[in-house]
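[1] here are the coordinates; sequence isn't available:
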């Protein structure tokens, strides 16, 4: 399959909601629970509280999720065999999920994402040491035969496109590298940029990354040392170059640098950073560390992209995933070893997190997505 330009961009959905079904909130939170194999649905209220709703079946070891750019679909990947991705429609009034398709995936993917058109699904495989590209059809099904399966390097851990939809980046924990690709939106295919990768400091373990809203910077979280690195993004070439790096650990932390997992060493005191997100206005960045079960807050210098550590806040046990609502008012954190999720109010001036409440969740909660229809 050489082109996806002919694929339909979406399926129409009725937006009319009957008076009896109107929800009191139009912001919804989705939390995947790996051990239970389902996705929890919550309504996020104006005061930051959550209203638990249904739990929707997916499959065992359901982990990464991604929302389509038009907010109509939620995709969730399962890391148990047979590896698959589930596509759910999102009800704009109630947040309810309805399964519309399950499609095979080439490998076990700890990370999936979509291109800016919503017509391509990217996947990064930690155990398979590869990335894949699948087209999404007009019926929103992920097509079963990948457009590409590209061997890369050890422990590919995330894959994201930039805001121009022309460049794709893949951090590799096992080789301390970020692979740089050029993305052809018409064909849906990736090609190596020149140079094809950025070599980071040995032993850091690049894990997740995000792109600033102005597309000038990429922020990289390194799992094994809990640093967040600012990289400048060249708008013409898509190439990354390191600007600065700052620790997500408080000065009094006693944690030691970690090592790629699985391994035979005692990891009780290892650094084990997981996830990072920016507020929509770009003023603050947050990162999670699993061993200490904390969320680090940083201020962001909009001109240089440099970060300044602000604080560390205790959160759910082993916080693999969290998310910030599209208005930038609240943060929702999950914990793989916790039976609750937490919401926090984000102080617009200081970036400080204030606990709002805890709510029940499934076993092995690990990924959070938030959709806002207001």
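    Everything's here; your move. Everything numeric here is computed off the predicted structure, so don't read it as measured data.
[2] show the pLDDT at residue 239.
    Predicted confidence (pLDDT) for residue 239: 98.
[3] ok, it touching residue 197?
    No. Look at residue 239 against residue 197 with C-beta atoms under 8 Å: they stay out of range, at 10.3 Å. In short, each C-beta sits where N, CA and C put it, glycine included.
[4] what touches both of these two?
    Shared contacts of residue 239 and residue 197 (C-beta atoms under 8 Å, 6 or more residues apart in numbering): residue 180.
[5] so between the two, which is more surrounded?
    Ranked by neighbour count (other C-beta atoms under 10 Å), residue 239 and residue 197 place residue 197 first, with 19 against 15.
[6] wait, the more buried one sits on residue 181?
    No. Using C-beta under 8 Å, residue 197 is not in contact with residue 181; the gap is 9.8 Å.
[7] how about the strands in the stretch 201-350 of the chain?
    206-211, 217-222, 227-233, 240-247, 273-278, 284-289, 294-300, 307-314, 322-324, 330-333, 340-346 (DSSP state E, counting those that start in this stretch).
[8] among these, which comes closest to residue 141?
    Taking C-beta to C-beta, strand 322-324 is the member of these nearest to residue 141, at 25.3 Å.
[9] burial measure for residue 191, as a count.
    Other residues lying near residue 191 total 14 when counted by other C-beta under 10 Å.
[10] that one falls within a strand, correct?
    Yes. Assessed by DSSP: H, G, I helix; E, B strand; the rest coil, residue 191 belongs to a strand.
[11] pull the contacting residues for it.
    The contact partners of residue 191, by C-beta under 8 Å, 6+ apart, come to 181, 182, 184.
[12] switch the cut-off to 7 Å
    181, 182 (C-beta atoms under 7 Å, 6 or more residues apart in numbering).
[13] quick one: the helices in the protein?
    Read by DSSP state H, the chain holds no helices at all.
[14] any stretches of it with poor pLDDT?
    Along the chain, segments meeting pLDDT under 70 span 1-25.
[15] is residue 210 bridged to anything, and to what?
    Note on residue 210: beta-bridge partners residue 219, judged by DSSP bridges.
[16] what's the overlap in contacts for residue 197 and residue 181?
    Counting by C-beta under 7 Å, 6+ apart, nothing touches both residue 197 and residue 181.
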